[in-house]
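> Here's a sequence, model it:
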Amino acid sequence: MTVPLVTILDDEPAIRTMLADALTEAGFRTMAFGRATEFEAALRQANPDVCLVDLSLPDRDGLTLVHRLALEQGATVIIISGRAQVQDRVTGLELGADDYIIKPFDPAEVVARIRARLRRGTPAPQTGEVARFNGWTAHFDRYVLEDESGAETPFSHAEGEVLRLFLERPKRLISRHAMQEALGGAAGESFDRAMDVRISRLRTKLREDPKNPRLIKTIYGAGYIFLGDVGWG
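Numbering: from 1, shown residues only. Below you'll find the model as predicted:
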């Protein structure tokens, strides 16, 4: 079994060392970087399972980097930041981050969050990496949606988590609480808003009519239901 690789991007050497030590002791492989340019260069050779990203970087806007990682890299992206405002957390999640940890933190909490994310990212036994529904094909191994003509539209890891949840439970009501339980993260305004944004983006990519979506229906006060016919494999 391959040991998961966690990359750490933070400009504070003490934090990089603390995280690397905790993760190594927990059985992960690690690579640590102080600048975004070094981190991005390493990604040309490495395929991390989890990226820990600080938002306050000396050479790059952290939020922009998070958004690109979520769309292109396919790794789980966890923000670690001193920015504690609700809006900062919401923005990070909206841009595709999978989790948001506020400094100062306990390294054991980071390890636990990473393990939980990796468990949630493991496909359920009855499903695979390709799902077909209503003229669409979702490639979870490449993070793209393919239409009937073969045109492809990328989706982020975070959007993929929501899409997989719908495709694994077609024609069943999924409550907000059930989504929070399945996808993780603290319940509350930031989680709800992040889910609204991810579902809105999925609808756009599936070319849904925002006023009358055919596939992802909102059941006001209850949750969501996916009405497509789904086949895996």
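> does the residue of the chain positioned farthest from its centre count as helix, strand or coil?
In the chain, the greatest distance from the average C-alpha position (Cα atoms, centre = their mean) is reached by Ser149, at 27.4 Å. Three-state assignment for Ser149 (DSSP: H, G, I helix; E, B strand; the rest coil): coil.
> quick one: it and Glu208, what's the gap?
18 Å (Cβ to Cβ, to the nearest Å). C-betas here are computed from N, CA, C, even on glycine.
> So which elements touch the worst-scoring helix or strand of the chain on mean pLDDT?
The weakest-scoring helix or strand in the chain, judged by mean pLDDT, DSSP states H and E, is helix 86-94 (a mean of 79). If you count contacts as 3 or more Cβ pairs under 8 Å, 6 or more residues apart in numbering; DSSP states H and E, helix 86-94 packs onto helix 62-72, strand 76-81, strand 99-102, helix 189-205.
> Break the protein down into its domains, please.
5-120, 130-232 (automatic domain parsing).
> Out of those domains, which is the most enclosed?
Highest mean neighbour count of those: domain 5-120, a mean of 18 (counted as mean count of other Cβ atoms under 10 Å).
> so what's Pro213 up against?
For Pro213, the contacting residues are Arg203, by Cβ atoms under 8 Å, 6 or more residues apart in numbering.
> give me that answer again for 10 Å
Contacts were defined as Cβ atoms under 10 Å, 6 or more residues apart in numbering; by that measure Pro213 touches Ile199, Ser200, Leu202, Arg203, Leu206, Arg207, Tyr224, Leu227.
> Could you find which two of the residues you listed are furthest from each other?
The largest separation in these, counting by Cβ to Cβ, is between Arg207 and Tyr224 at 18.0 Å.
> And the residue most central in space within the chain, how close does it get to Val6?
In the chain, the residue lying closest to the centroid (Cα atoms, centre = their mean) is Ala158, at 2.8 Å. As judged by Cβ to Cβ, Ala158 and Val6 stand 18 Å apart.
> where exactly do the strands run in the chain?
With DSSP state E as the criterion, the chain has strands at 5-9, 29-33, 50-53, 76-81, 99-102, 130-133, 136-139, 144-146, 152-154, 173-175, 216-219, 223-226, 230-232.
> And the closest residue to Glu159 other than its chain neighbours, what's its pLDDT?
Setting aside the residues directly before and after it, Glu159 is nearest to Arg198 in space (Cβ to Cβ, 6 or more residues apart in numbering), at 5.2 Å. pLDDT recorded at Arg198 is 86.
> Kindly report the same for His67.
82.
> ditto for Glu161
The model's pLDDT for Glu161 equals 89.
> which residues touch the nearest residue to it once chain neighbours are set aside?
Leaving aside its sequence neighbours, Glu161 sits nearest to Leu183 (Cβ to Cβ, 6+ apart; 5.5 Å). Residues counted as contacts of Leu183 (Cβ under 10 Å, 6+ apart) are 98-99, 117, 120, 158, 161-162, 164-165, 191, 194-195, 198.
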